[in-house]
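Asker: Here is a sequence together with a model predicted from it:
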Amino acid sequence: MSELPLDAYYDLTQIGEVAVSPAGDRVAFTATEYDQAADEAVSSLFVVPTDGSREPHRLTSASGAASPTWGPDGDRLAFVAARDRDAEKRVGWRDRDDEDAGDAEGDASEDDADDESADGEGEDHLGGDDGPKPQVWIFDLALGGDARQVTERDEGVAGFDWSPDGDRVVIESRDPTDEESEYLDQVREEGGPIETTRLQHKVNGAGWTDDVTRYLFVVDLDDPETDPRRLDDAHGGGAFEDVAGMDPTWGPGDRIAFTSCRLDRPDDTTVRDLYAVSADGGDAERLTGGDLAHGAPAWHPDGDRIATTASDPDDPPAPAVVYLVDAAEREGDDPDADDRDAPTSVTAALDRTIARGGGVEWVDGSIYTRIADESHTRLVRVETDGSAERVFEAQGRDRAMVGFDVADYGATAVTVLSEPESGTDLYAVDVTDLDAAAEPDSLRRLTSVNESLTDEFPMPEARRVEWESDGWTLDGVLYHGPDVDPDDGDHPLVVAIHGGPMSYDEPVFSFGHAALTSRGYLVFRPNYRGGTSRGREFTAELSGKWGTAEVDDIAAGVESLADRGWVDPDRVFGHGFSYGGIAQGFLVTQEPDLFTAAAPEHGIYDLRSAFGTDDTHVWLEAEFGLPWEDPEAYASSTAMLDAGNIETPLLVMAGGEDWRCPPSQSEQLYVAARKQGVDAELVVYPDEHHNIGDPDRAIHRLEKILGWYETHDSAIEAAD
């Protein structure tokens, strides 16, 4: 079996956002590609017909692209990009000597490198970047030609939506005062001091926060010379708004929905309320009660209701659910949200959380959304009375649904399916066939973006496995090379632990998995207690008690594989990012004989010193209380206090600007190991956040991990 060259990472393509045209005849999508010469990643924009009649057509190649959104006429496609010009398509690793390689700009990382990326990469307000800011651009696909720029905001555009008649767009943009602009210039251009009084003083991916307010603006597309009109009462606020945004959504009756936090202490909560405002301006009305974190609003066509996804900040294990919000327009000058019907959940009875990145799609009065269900992302159809039905059985359990969108007219849906052997790609299906028990004739594959990789190099096969732990029947995914039979026994095992911890693993396409399995490793991804997809009780097993249930469950899973004769217990290696790194900290201090060597990445190992130095003080308080009020809760979930038990060789990795899991945490674990004479190495990527963005660094990361395992593999030592 040939090994997957790590340089082949430059030929990897990762599909991002999808948007089906109103008539359902085309779908736009973004895809991240890599340029070795520039050591950059770029998200390009493509369009492909949903009948599968031709290959995708590339619309952009440089400067990135995000948020593809069709105009109501279906002939215009808007997107956000920070671009000066377009360029030729990037080249892969085989063509790295080609002097005609195009430019590429952007930042991305492999999907499985950051399981805790729900907040995404925000706007780096104080980063000092002199390049262009993200603006709204529009392609007229009927006329052809390049996209035209329709906004020119000094602080860029974070989000937007079309008006129903297509003559305007609403944009979300920061609008600093003169004094605030002077401060920003001082910091960006002169390297001046950071000055802040905000409790949420930094956010991973966005950097140091400031006091600049973001507003909604209405842009008249028929009069591009006119300045956008600011809606003065449609302003934002909240701890994580720099990454969450305001979700502007234009609905019927010329009303715009958006999210904001206007509580007394907006930086001390993750609550986000839903508001509605007239496109003509005036007062914004709060539609929700100040107790939930609402997002992804979607207007019902009648304009009287809005569906949102929402979670309870005070109950971390509780599933995120779909709510229906009363949005009927009030008459008079003093609308009062207190006399509205309270938001009602229509998915609470499922006891399943909305899948990461899941939204809401209305079709003929029903709601389609994706849920996490038994270690599987499933599509459900929900009625407004709360009844729900799991649909799209054709997906099966051997592939993951990582994206979904449906045409405005409800005839065609497009789903993004990820399969370990064949890649992650777009599939179209007739909405009427979503109820089919078997794969319908209308299901058609639209893309094969990683065909060059999957055809030439061995991609792993995956199987689901189960084991018992503390009275629970648990499951996980085991990956192995196509020519490897686990029953042959004594294979080296990599235990790849998901982040979150409120997440889950299912069979997916992954370059990292293929790099490991093509070198003979089995890769085990355990779904431990504390994750999601099995209801609130399952998630609550770990809430406020890190270093307990997950340690038992992961160790029991490894033991189960060894008992089957599949795994050499002396060749078991730790792997994991974010909470996957955190869990390794607990495993090497509580189960020092489990791993032959471990590679914890971007983790937290001292919960006490993390508080206030990372960006998660609100989440930590909700789960553990405050460290000065309940120090024992923090101490009991701190691996560093048991660091004297470390015997496992550790490759500790961190991002130099990771403010989700600060690099000082990795330094503590590294020094604790070295202090005791344990073999350890620290790798810090200076400019990286809570991900690995530059492709050269993504490859370097895999090289270091593979090298660490090989260095400490007894079988390789014996062969030498």
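Answerer: Yep, it's here. Small disclaimer: the values here were computed from a predicted structure and weren't measured. Numbers count the residues shown, from 1 in each chain.
Asker: give me the low-pLDDT residue ranges for the stretch 401-550 of the chain?
Answerer: Along the stretch 401-550 of the chain, no part satisfies pLDDT under 70.
Asker: again, but for the chain
Answerer: For the chain, the ranges with pLDDT under 70 are 1, 85-130, 331-338, 717-720.
Asker: ok, longest helix in it?
Answerer: Longest among the helix segments of the chain by residue count, using DSSP state H, is helix 695-711.
Asker: Show me what that one is packed against.
Answerer: With contacts taken as 3 or more C-beta pairs under 8 Å, 6 or more residues apart in numbering; DSSP states H and E, helix 695-711 sits against helix 511-517, strand 597-601, strand 650-655, strand 680-685. Every residue, glycine included, has its C-beta placed from N, CA and C.
Asker: just so I have it, where are all the helices in the stretch 151-300 of the chain?
Answerer: 178-190, 241-244 (DSSP state H, counting those that start in this stretch).
Asker: Show me where the stretch 201-350 of the chain has its strands.
Answerer: With DSSP state E, counting those that start in this stretch as the criterion, the stretch 201-350 of the chain has strands at 202-203, 207-208, 214-220, 229-235, 249-251, 255-260, 273-278, 285-286, 293-299, 305-311, 321-326, 344-345.
Asker: Partner strands of the fifth one, with direction?
Answerer: Listed by DSSP bridges, the sheet partners of strand 249-251 and their directions read strand 255-260 (antiparallel).
Asker: likewise the last one?
Answerer: Each strand paired with strand 344-345, and its direction, by DSSP bridges: strand 321-326 (antiparallel).
Asker: got the angle for the strand it pairs with vs strand 293-299?
Answerer: Relative orientation of strand 321-326 versus strand 293-299 (axes from the mean of the first three to the mean of the last three C-alpha atoms, to 10 degrees): 60 degrees.
Asker: Now do strand 321-326: everything it contacts.
Answerer: Contacts to strand 321-326, defined as C-beta atoms under 8 Å, 6 or more residues apart in numbering, come from residues 274, 287-288, 292, 294, 297, 304-311, 340-348, 350, 353-354, 360, 367, 369, 382, 384.
Asker: Among those, the buried ones, what's the PyMOL command?
Answerer: Listed next is the PyMOL selection for buried residues among the contacts of strand 321-326, using 16 or more other C-beta atoms under 10 Å:
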select buried, resi 274+287+288+292+294+297+305+306+307+308+309+310+311+340+343+346+347+350+353+354+360+367+369+382
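Asker: Tell me the gap between stretch 350-362 and the middle of its chain.
Answerer: The chain centre lies 14 Å from the centre of stretch 350-362; the measure is C-alpha atoms, centre = their mean, to the nearest Å.
Asker: Now do it: distance from first to last residue.
Answerer: Terminal residues of stretch 350-362 are spaced 19 Å apart (C-alpha to C-alpha, to the nearest Å).
Asker: returning to what we had before: can you list the strands of the stretch 201-350 of the chain in TSV and add distance to residue 463?
Answerer: TSV is the format used below for those (distance: least, C-beta to C-beta, whole Å):
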stretch	distance to residue 463
strand 202-203	39
strand 207-208	42
strand 214-220	47
strand 229-235	51
strand 249-251	41
strand 255-260	41
strand 273-278	43
strand 285-286	49
strand 293-299	34
strand 305-311	32
strand 321-326	32
strand 344-345	35
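Asker: Which of these sits closest to residue 603?
Answerer: Set against residue 603 and scored by C-beta to C-beta, those come closest in strand 202-203, at 18.6 Å.
Asker: Quick one: neighbours of the closest residue to residue 57 other than its chain neighbours, just the number.
Answerer: Nearest in space to residue 57, with sequence neighbours left out and distances taken as C-beta to C-beta, 6 or more residues apart in numbering, is residue 47 at 5.2 Å. Residue 47: 19 surrounding residues under other C-beta atoms under 10 Å.
Asker: Would you confirm that residue 47 contacts residue 54?
Answerer: No - between residue 47 and residue 54 there is no contact under C-beta atoms under 8 Å: 10.3 Å.
Asker: which stretch among the helices and strands packed on helix 695-711 comes nearest residue 579?
Answerer: Between residue 579 and the helices and strands packed on helix 695-711, the shortest gap by C-beta to C-beta is with strand 597-601, which sits at 10.4 Å.
Asker: quick one, that closest one and helix 695-711 angle?
Answerer: Using the same axes, to 10 degrees: strand 597-601 against helix 695-711 is 160 degrees.
Asker: for strand 597-601, the distance to its chain's centre please.
Answerer: For strand 597-601, the distance to the chain centre is 22 Å (C-alpha atoms, centre = their mean).
Asker: and that strand, what does it pack onto?
Answerer: strand 567-577, helix 579-590, strand 650-655, helix 695-711.
Asker: Can you list the neighbours in contact with it?
Answerer: For strand 597-601, contacts defined as C-beta under 8 Å, 6+ apart pick out 573-578, 580-582, 584-585, 587-588, 648-654, 666, 669, 701, 704-705, 708-709, 711-712.
Asker: Buried ones among those?
Answerer: Judged by 16+ other C-beta under 10 Å, buried ones among the contacts of strand 597-601: 573-578, 580-582, 584-585, 587-588, 648-654, 666, 669, 701, 704-705, 708-709, 712.
Asker: so residue 241 makes contact with residue 258?
Answerer: No - counting by C-beta under 8 Å, residue 258 is not a contact partner of residue 241; they are 10.9 Å apart.
Asker: More neighbours: those two, which one.
Answerer: Ranked by neighbour count (other C-beta under 10 Å), residue 241 and residue 258 place residue 258 first, with 28 against 25.
Asker: residue contacts, the more buried one?
Answerer: Residue 258 neighbours (C-beta under 8 Å, 6+ apart): 172, 216, 234, 236, 246-249, 274-277, 284, 297.
Asker: beta partners of it?
Answerer: Listed beta-bridge partners, residue 258: residue 275 (assigned using DSSP bridges).
Asker: could we number from 54 for the rest of this?
Answerer: Done: numbering now begins at 54, and the last item shifts to residue 311.
Asker: measure it to residue 344 for me?
Answerer: 18 Å (C-beta to C-beta, to the nearest Å).
Asker: now residue 740
Answerer: 38 Å.
Asker: Kindly report the same for residue 625.
Answerer: Taken as C-beta to C-beta, the span from residue 625 to residue 344 is 45 Å.
Asker: more neighbours, those two?
Answerer: Counted by other C-beta under 10 Å, residue 625 and residue 344 do not tie: residue 625 has more neighbours, with 23 against 15.
Asker: Quick check: the more buried one touching residue 546?
Answerer: Yes - applying C-beta under 8 Å, one finds residue 625 in contact with residue 546, separated by 4.9 Å.
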